[in-house]
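Asker: quick one, structure for this:
(2 chains)
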Amino acid sequence: MSEATPRNSKTLSPADSGRDVSVKGWAQEIRNLGGISFLIIRDRHGIVQVTAPKKKVAPEVMTVLGGLSRESVVKVTGVAKAAEQAKGGVEVVPSSIEVLSAAASPLPMGVVDKVNVEADTRFDNRFMDLRRPEARAVFEIKSMVLDLIGDFLTGEGFLEVFTPKIVASGAEGGATLFQLKYFEQMAYLAQSPQLYKQMLMSTGLDRVFEIGPAFRAEHSDTVRHVSEFISFDGELAFIDSMNDVLDVVERCCQSVIGGIVKNAAPQLETLNASVTVPRAPYPVIEYCDAVEMVQGTGMHIDLGDDLGTEGEKALGEIMKEKGHDMYWIVEYPEEAKPFYIMEKDGTPYSYSFDLDYKGQEISSGGQREHRYDRLVQRMQGKGLDPSAFNFYLDAFRFGMPPHGGWGLGVERLVQKMLDLPNIRETILFPRDRIRLVP
RNA sequence: GCCCUGGUAGUGUAGCGGCCUAUCAUGAAGCCCUGUCGAGGCUUCGACUCGGGUUCAAAUCCCGACCAGGGCGCCA
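Answerer: Numbers count the residues shown, from 1 in each chain, chains lettered A, B, ... in the order given. The predicted structure follows:
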């Protein structure tokens, strides 16, 4: 007898009929009908049916089959056989079955049970939850999104960089920073690569992007906030205006979503999700107009106020009716924006933008203040001590080109693209106000 | 941090003062069954978050703690 050919749910096909094959995976379901037993083996790509007619299979194999617990890891060797009744049109008649790892019972949650499992139970048992194809599909798509981002920006002449995640000061002051001991000093987990990517603009690396973790100690408790997320940041120098930034981000988003529509059909089907590429160009709504639009829905909001979650949602509805999933909101009041944003002189506004996707902010950015004196002024105006930022400010004293950039929440993009109810679905092991384990 | 809602077998739920020795489904254990189906049939197992209080009587009402879900604020 020749060596069995390794196969999985993807590679096994009716063409293997008659061949000795081996398959490995989790025992998803065991059904014993008396004279015939079925074992459904699940692997990364799908399932393989093992069919064991009592008359044709050795008694010791039947015994192992009968004693299998669900979710045990097994290796089955046997003869592939084309069979119309089996999914995929092929099944395996076992000659041996090896239990590589027996699963304990009861399971903390069912993988294919006919009952719902609450999100909290799922995240407590995430390793088990991720055995569900629809949970895993999100991460296959997320991985593709990251690849697509890298491909697009590399093609645009951007350099991928990595800035420190252990830092001495934050971009927005100290309120939302996680503090940690750094040998004999105090340090923080970076809430954004903002200061570092800007410093790079003074180096000649005039187009950079970074995809990495960002940490926020905000006491937020919503379906779109977590304490640790993947931030996709970019910065580009020698811009003529903020529009140069919008242009890159917009084409990047189109490229990413288009790539998912094109390449992720199996995952989208698993998720029962339909993704459509947003209509471009994305409408550009000035902040003042956005406020008016929100007021028009009957909500109370004053010029100068933040749109608020409900305002954002209302705006999302209005834009949806106009056929737009993605749109820009630009020129926010400078007062509401961080020190590094450039003011629109002679007005209370600023060269800043948000990118909203289906009523939720997924990205923000703007043109930066590259003039040293004005930057220091803005810092002081925000109650920050410029001397704490000397490492940053020095980069502005010796030749800093005009520049701008953005930060985009990768998980928010994935969440909205797939219409997932909670951002936690897009994070393997989410960190939020209360969850630190697993 | 504020507001609202909720905590019942491994999982998801019903019950909301005495009909509770707590419902149903799923699951687990066992038996019957040779073909695809969320396979089916029969039997069994398994739970009221914790601490006070009210009451003749509490899963059920009240208070507190803890935990969870949703909304808001804040932001990616």
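
Asker: use CA for all of it now, contacts and neighbours both
Answerer: Fine.

Asker: map the structural domains onto the sequence of chain A.
Answerer: A:5-101, A:127-426 (automatic domain parsing).

Asker: quick one: closest of the ones you listed to A:Val437.
Answerer: In terms of Cα to Cα, the element of those nearest to A:Val437 is domain A:127-426, at 12.1 Å.

Asker: before we move on, back to that, mind putting the domains of chain A in JSON lines, mean neighbour count and mean pLDDT included?
Answerer: Formatted as JSON lines, those follow (neighbours: other Cα atoms under 10 Å; pLDDT from 0 to 100):
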{"stretch": "domain A:5-101", "mean neighbour count": "18", "mean pLDDT": "91"}
{"stretch": "domain A:127-426", "mean neighbour count": "18", "mean pLDDT": "91"}
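
Asker: Serialize those to TSV and add fields for distance to A:Asp432.
Answerer: As requested, the domains of chain A are exported to TSV (distance: least, Cα to Cα, whole Å):
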stretch	distance to A:Asp432
domain A:5-101	28
domain A:127-426	5
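
Asker: please list the residues outside stretch A:338-351 that contact it.
Answerer: The contact list for stretch A:338-351 (Cα atoms under 8 Å, 6 or more residues apart in numbering) reads A:171-172, A:242, A:330-335, A:337, A:352, A:366-370, A:375, A:378-379, A:382.

Asker: now swap in stretch A:38-52 and tell me
Answerer: A:8-10, A:23-32, A:36-37, A:62, A:65, A:86-87, A:90-94, A:133.

Asker: need the CA coordinates for stretch A:251-265. CSV is fine.
Answerer: Taking C-alpha atoms only, stretch A:251-265 is exported to CSV below (Å, rounded to 0.1, in the frame of the first residue of the first chain):
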residue,chain,number,x,y,z
ARG,A,251,-7.9,56.5,-3.5
CYS,A,252,-6.5,54.2,-0.8
CYS,A,253,-9.9,53.4,0.6
GLN,A,254,-11.3,52.8,-2.9
SER,A,255,-8.4,50.5,-3.6
VAL,A,256,-8.8,48.6,-0.4
ILE,A,257,-12.6,48.1,-0.6
GLY,A,258,-12.4,47.4,-4.3
GLY,A,259,-9.7,44.7,-3.5
ILE,A,260,-11.9,43.1,-0.9
VAL,A,261,-14.9,43.0,-3.2
LYS,A,262,-12.7,41.4,-5.8
ASN,A,263,-10.7,39.0,-3.7
ALA,A,264,-12.6,38.1,-0.6
ALA,A,265,-15.8,36.5,-2.2
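
Asker: so that stretch, near RNA strand B or not?
Answerer: No. Residues of stretch A:251-265 contacting RNA strand B under Cα under 7 Å from any atom of the strand: none, with a closest distance of 12.9 Å.

Asker: that stretch: how far from the chain's middle?
Answerer: Relative to its chain's centre, stretch A:251-265 lies at 14 Å (Cα atoms, centre = their mean, to the nearest Å).

Asker: can you check stretch A:427-438 too?
Answerer: Distance of stretch A:427-438 from the chain centroid (Cα atoms, centre = their mean) equals 14 Å.

Asker: avg pLDDT for it?
Answerer: What stretch A:427-438 shows for mean pLDDT is 87.

Asker: what are the buried residues along that stretch?
Answerer: By neighbour count on 16 or more other Cα atoms under 10 Å, the buried set for stretch A:427-438 is A:Ile427, A:Leu428, A:Phe429, A:Pro430, A:Arg431, A:Asp432.

Asker: the third one touches A:Pro438, doesn't it?
Answerer: Spelled out, it's A:Phe429. Yes. A:Phe429 is in contact with A:Pro438 according to Cα atoms under 8 Å; the separation is 6.4 Å.

Asker: so what sits against both of those two?
Answerer: A:Phe123, A:Arg126.

Asker: not counting its neighbours along the chain, what's nearest A:Thr276?
Answerer: Leaving aside its chain neighbours, A:Thr276 sits nearest to A:Val261 (7.1 Å; criterion: Cα to Cα, 6 or more residues apart in numbering).

Asker: OK, contacts around that neighbour?
Answerer: A:Val261 makes contact with A:Val275, A:Thr276, A:Val277, according to Cα under 8 Å, 6+ apart.

Asker: distance from the helix or strand harbouring it to the middle of the chain?
Answerer: For A:Val261, the host element (DSSP states H and E) is helix A:243-263. For helix A:243-263, the separation from the chain centroid amounts to 15 Å (computed by Cα atoms, centre = their mean).

Asker: and the longest helix belonging to chain A with helix A:243-263, angle?
Answerer: Counting residues, the longest helix found in chain A (DSSP state H) is helix A:133-155. When axes from the mean of the first three to the mean of the last three Cα atoms, to 10 degrees is applied, the directions of helix A:133-155 and helix A:243-263 differ by 140 degrees.

Asker: the helix or strand following helix A:133-155 pairs with which strands, parallel or anti?
Answerer: The helix or strand immediately downstream of helix A:133-155 is strand A:159-160, counting by DSSP H and E. If you go by DSSP bridges, strand A:159-160 pairs up with strand A:207-215 (parallel).
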